[in-house]
Every structure is written in C-alpha cells, then in structure tokens.
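K.L.:
structure for this input, please:
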Amino acid sequence: MRHSIIRGVAAAGVLALATAALAACTSPSDDNGQLVAFGPQGDNGSLKDNAFTQLVEKKFDIDFDWQTTTYDGSVAGEKRQVSLASGDYPDVYFLVPWVDAFSRSEVLKYGQQGVLVPLEDLIDEYAPNLKKRFEEKPDWEQSVTAPDGHIYAITQFTECFHCTYPSKLWMNTTWLDKLGLEQPTTTEELREVLRAFKNDDPNGNGQADEVALSASASEPVINYFMNAFAYAPYGSPSSPPPMVMDDGKVQLSATSDGWRAGLQYIASLAEEGLIDTASFTQNGDALRALGDNADAEILGAAAVLHPYEIVTADSPDGRDKHYDAVAPVKGPDGTQYATYREQVSPLGMFALTNKSTEDERIKAIKLIDYLVTDEGDRLGAMGPEGDAWVPAEDGDVALDPELEPTFKPLTYDETSNASWRSMGQYWDSLEYRNSQVVPEDVYSPDGYERRLLEASQLYEPFAPDEDLLFPDGKLWPDPDTSAEIAELQTNIATYITQAQAEFATGQRDIDDDGAWQAYIDDLNGLGVERYLELQQKLYDAL
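P.N.:
Below you'll find the predicted structure:
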C-alpha cells in the first residue's frame, strides 16, 4: 500500500526564536558548489544518506547541502517561516503538503518580492515531462499559475480516489452480525445501531465498555452526520470555515437552518452517549488506542478517512478486518451528501529562491521533471524496484481491472531510508494510481487499496454538484486584502469549530433560539459579512 495513504520586546522574542530554530537546521553555505535544500527528515534516517538522494545526486550532478526539519507540521512550518524571515534561506525548498508547504498567499507574497523565482521558462526549456503532465491535466497548470502569469511553486497533483471522499464512517460489521442488524441507511437507523452498540454488549464481555462511535479532532466528526442535513465541505483545523455556493454567491453554510438541524441531531446522539465527546478534542493516537484496546474490542464505529487510523493492520485478533464503510445516510428530508475534496492541491511543494544559481535551477527543475515520470514517482515516493515494488506480471490484475497493470507495491517498510516518500510525490493521476496491482482480498494489508476503492465507490453517487462547491483550491489571494482575509478566516473558522463542539456536547443548547442567535451574532461581530464579500471578489475574478 502506498502511504501518502499541517515591536520592541516582541521583536527580540522573534529574533531569539529565529536563532533557536535555525540552529536546529544545517546552515546554508556561501557559493560552495552545493545545492542548499530545505526539507523534512523523518526518524528513519537522514536525507543526506537517503538512497534516493544519492541516486538523483549522481543522475543530475547535484551535491545537496540539507537544511532539515521534522514531520511535525507546527515545528516544520515555523522553521520554514523563520528561514525566510531571517533572510538566511536556502536555494530550494522541497516540502510536504500536510507538513510545511507554502500557502497560495505565501507563494504570491514571496514570488512578487523576488524571493521565489519564476519557473515557467525553466519548465519550457528543461522539463518536457512536466509540460506533458500539464497538458494531460490542465487543472494542474492552472492551479500553479499565479494571477501575474508566473509559476513560483509546483504543487502536488493527486487523484487519490479514496482521498476524494474523506469524511467516511467505518462500522464494526462483526458487531452488526452478532446483534442481527443491517448497516444503517437513514439517520434514525444509524441512531438505533449506535444504541445497540452501546447497550447490547456486542463484544460479549459482560461489561458496559463499548464506545459506540468516536473520531479525532483532526477529522471533524460533524461532517459525516451533517451531510444528512446540509452539505458539509471538506474541513480540517486549518481549513476555511464551511462555505458553499448558491447561484454564484458565496454563503457560510454554518449559519443555515440545515446546519442547525444537523447539530441538533449530533447533539441528540451525544446526549445519549452514542458519540464519544472526546471526538472533538482527542488526537489520532488517542483514537487508535480505542481501536487497539488490549482488554477487549470496544470501538463500534469511527468517522475517519480509512480504518487503519483506528486499528493496527494485521491485528492479532483480526479486528482490523471488522470495519466496513457505511454509505452516506439519508436525512429526514432526503438530504444525502458525501463530502468532496478537490484533487489539485493549492499548496506549494517545490520552489527555487533567488539564492540559487542558474546552473542549480536547471538541475533542480530537471529533478522535478524526473519525479513526475512513472519511474521517478515509484523510486522517489515508494523506493527501489524489488524492495518497494515490482513490475506487473502476466495474470496480474490492476486496481481498475479495465487498465493495463503496470506495477505491484510490496509491503511497506516504515524503517526504510530508500525514498523521499511524500516529499517526492508530485504525480499521482487516477490512471497511474489505478494501474497498480492490488490483491483481491480487500482485508489483507496488501489489498487495502482495493478496500478503500470499494468503500469510496459507495460515496461517489452522493458527491455534490459542482455549482454547490466553493472552489477554495482555485482562488488566488489579492495581495491588498490577503492579510485581512487570513485574519478573518482564522477567527471565524476557530469560533465555528469551538461553538459546534459546544453545541454538540450540550455546553450550548442547540434547541434554544436565543443561543443560536447569539452564535450568529458572534459570527457577525467577527466580520462574516466582510469575509464573504472578500471571498466573493476572489470568486468573481476566476
């Protein structure tokens, strides 16, 4: 399986922070013939000694001088920002979308300041494979091209099908069978199933230790349930507030009647103890601890992207095979959506700075051009042939049986230092991804990708119409208002996340008209009208 599957005294403090953060990185050298590169480094070995690093150093005559950070998003993002703020930044950034990638505001800011250099001429002359990919997927080229016509950073193009529908519900079907229940298809059937999980001792140990449903704060539990009442856009702790389009107008869905009805339903489940209230605060490790509980199998369901987030693969008692996806349930008025996630990332992974020489820029863009080939992706993101993958053989069946099989992933070695993993994954089209050979046993670790594909096929029919989707990933900021938008967005999104958790857990009464109006008044006080006005201008400029 591929795993791919965030003045004055104050100035003195910033300077101290910059010094401390840079001390943890390798300092860039002054014209020493090396390509000074910034990138995250895992605990499986150094980027300097990485087998793929050594391969591309030889292939493109590059001598890397690495500034390294970690895969902890807050730490890595801070170090990247400090490197730029201090002026002591590298020749090139190799970043990871979910760790420390550039936002569009940063790409435009540093590009127009001249810190990040335009890439389009280099691509035209030295990157024929990347140009071909742009022709194959014009949305990708559109995504990386700033309003001024320049390309300052390369983003990731991934058509990971199961990632397209991130807000899934995975349910313990072994418990369903034991209790003589069917998978729920409506919100009320879901309530009855969760009641049985909580009250009817499905693990058979005679104790009331079952957790009917849980989640983690990084994947909002609200989304799956909300989709039975109002469309819930993809969200994470760092995402914009939930917005939709209504006849070309940007709307905040979190103040709609449907959104309130969804919160009323969720609160009613939490009041009965059918949703673990820790879902709004706990991290992924705490959620996994529930699924892996040693004394007994206690987790009935979880709202997550994939089941290995809640239980370890190849569990000794086989519980990793017990969870199957539940299709979106239908709400009281027939509403039935699946949260949709755009396939083109707006986050910049690769960028060259004005400290790089012309020769260094040519070598670096040739490396990126290699990474978007099938060979480059397999070696860069997966690892060497024979260790991480093998070519397809006669009789092999691709993930999509209508495609010609091309390669077969092997068991993933978490300790290997042979590839760049996510830092090397720029190209992952649906055709390329679905041509991999995957066993038909969906419950085996090697067949996991097929399990996720089949689960996502349950969600695909309920994707929203395109005219409902707010195209956040396609919008470029206006430099004159980007700081204002960023501040408004942070304040509004943070307040909505907090208030929704309080409504869901009973700290605020969602049935109280006064409490709901106070929530709306608070949002208005935070500048919702101005925020929507600014977003509308960006949308109209598309």
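K.L.:
any idea how far the nearest residue to Leu430 once chain neighbours are set aside is from Lys137?
P.N.:
Of all residues not flanking Leu430 in the chain, Glu159 sits nearest, at 3.8 Å (C-beta to C-beta, 6 or more residues apart in numbering). Every C-beta, even on glycine, is put in place using the N, C-alpha and C of the backbone. Using C-beta to C-beta, to the nearest Å, one obtains 8 Å as the distance from Glu159 to Lys137.
K.L.:
about what we covered before: count of neighbours near the residue nearest to Leu430?
P.N.:
By other C-beta atoms under 10 Å, the residues close to Glu159 number 17.
K.L.:
got it, and the one 5 residues further on?
P.N.:
Other residues near Thr164 come to 20 when the count uses other C-beta under 10 Å.
K.L.:
can you pull the contacts of it?
P.N.:
340-341, 343, 456 (C-beta atoms under 8 Å, 6 or more residues apart in numbering).
K.L.:
roughly how far apart are it and Val344?
P.N.:
In terms of C-beta to C-beta, Thr164 sits 11 Å off from Val344.
K.L.:
can you check Lys249 too?
P.N.:
Taking C-beta to C-beta, one finds Lys249 at 24 Å from Val344.
K.L.:
quick one: which of those two has more around it?
P.N.:
Val344 (18 against 10).
K.L.:
looks like that one contacts Gly473 (just checking).
P.N.:
Yes: Val344 is within contact range of Gly473, at 6.0 Å (criterion: C-beta atoms under 8 Å).
K.L.:
which of the contacts of Thr164 has the most neighbours?
P.N.:
Result: Tyr340 is most packed of these (other C-beta under 10 Å), 23 neighbours.
K.L.:
for the stretch 51-200 of the chain, what spans make up the helices?
P.N.:
51-60, 73-86, 104-113, 120-126, 128-136, 138-144, 161-164, 173-179, 187-199 (DSSP state H, counting those that start in this stretch).
K.L.:
now those helices in CSV, with distance to Glu375?
P.N.:
What follows is these, written out as CSV (distance: least, C-beta to C-beta, whole Å):
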stretch, distance to Glu375
helix 51-60, 11
helix 73-86, 28
helix 104-113, 28
helix 120-126, 18
helix 128-136, 10
helix 138-144, 19
helix 161-164, 23
helix 173-179, 40
helix 187-199, 46
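K.L.:
could you dump those to a markdown table with distance to Gln336 and mean pLDDT?
P.N.:
Below are the helices of the stretch 51-200 of the chain laid out as a markdown table (distance: least, C-beta to C-beta, whole Å; pLDDT from 0 to 100):
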| stretch | distance to Gln336 | mean pLDDT |
| --- | --- | --- |
| helix 51-60 | 44 | 98 |
| helix 73-86 | 33 | 90 |
| helix 104-113 | 32 | 92 |
| helix 120-126 | 43 | 98 |
| helix 128-136 | 33 | 97 |
| helix 138-144 | 27 | 93 |
| helix 161-164 | 17 | 91 |
| helix 173-179 | 20 | 98 |
| helix 187-199 | 10 | 98 |
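K.L.:
to Arg450, which of these lies closest?
P.N.:
Set against Arg450 and scored by C-beta to C-beta, the helices of the stretch 51-200 of the chain come closest in helix 161-164, at 10.1 Å.
K.L.:
shared neighbours of Glu159 and Lys137, which are they?
P.N.:
Ser429.
K.L.:
just the C-alphas of stretch 445-462, formatted as PDB.
P.N.:
Below are the C-alpha coordinates for stretch 445-462, written out as PDB (Å, rounded to 0.1, in the frame of the first residue of the first chain):
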ATOM      1  CA  PRO A 445      -2.800  -5.300   4.200                       C
ATOM      2  CA  ASP A 446      -1.700  -5.700   0.500                       C
ATOM      3  CA  GLY A 447      -5.300  -5.500  -0.600                       C
ATOM      4  CA  TYR A 448      -6.000  -2.400   1.400                       C
ATOM      5  CA  GLU A 449      -6.000   0.000  -1.600                       C
ATOM      6  CA  ARG A 450      -8.800  -2.100  -3.100                       C
ATOM      7  CA  ARG A 451     -10.800  -2.000   0.200                       C
ATOM      8  CA  LEU A 452     -10.500   1.800   0.100                       C
ATOM      9  CA  LEU A 453     -11.500   2.000  -3.500                       C
ATOM     10  CA  GLU A 454     -14.600  -0.100  -2.900                       C
ATOM     11  CA  ALA A 455     -15.500   2.000   0.100                       C
ATOM     12  CA  SER A 456     -15.200   5.200  -1.900                       C
ATOM     13  CA  GLN A 457     -17.500   3.800  -4.600                       C
ATOM     14  CA  LEU A 458     -20.300   3.900  -2.000                       C
ATOM     15  CA  TYR A 459     -19.700   7.600  -1.600                       C
ATOM     16  CA  GLU A 460     -19.300   8.700  -5.200                       C
ATOM     17  CA  PRO A 461     -23.000   8.800  -6.100                       C
ATOM     18  CA  PHE A 462     -23.600  11.300  -3.400                       C
END
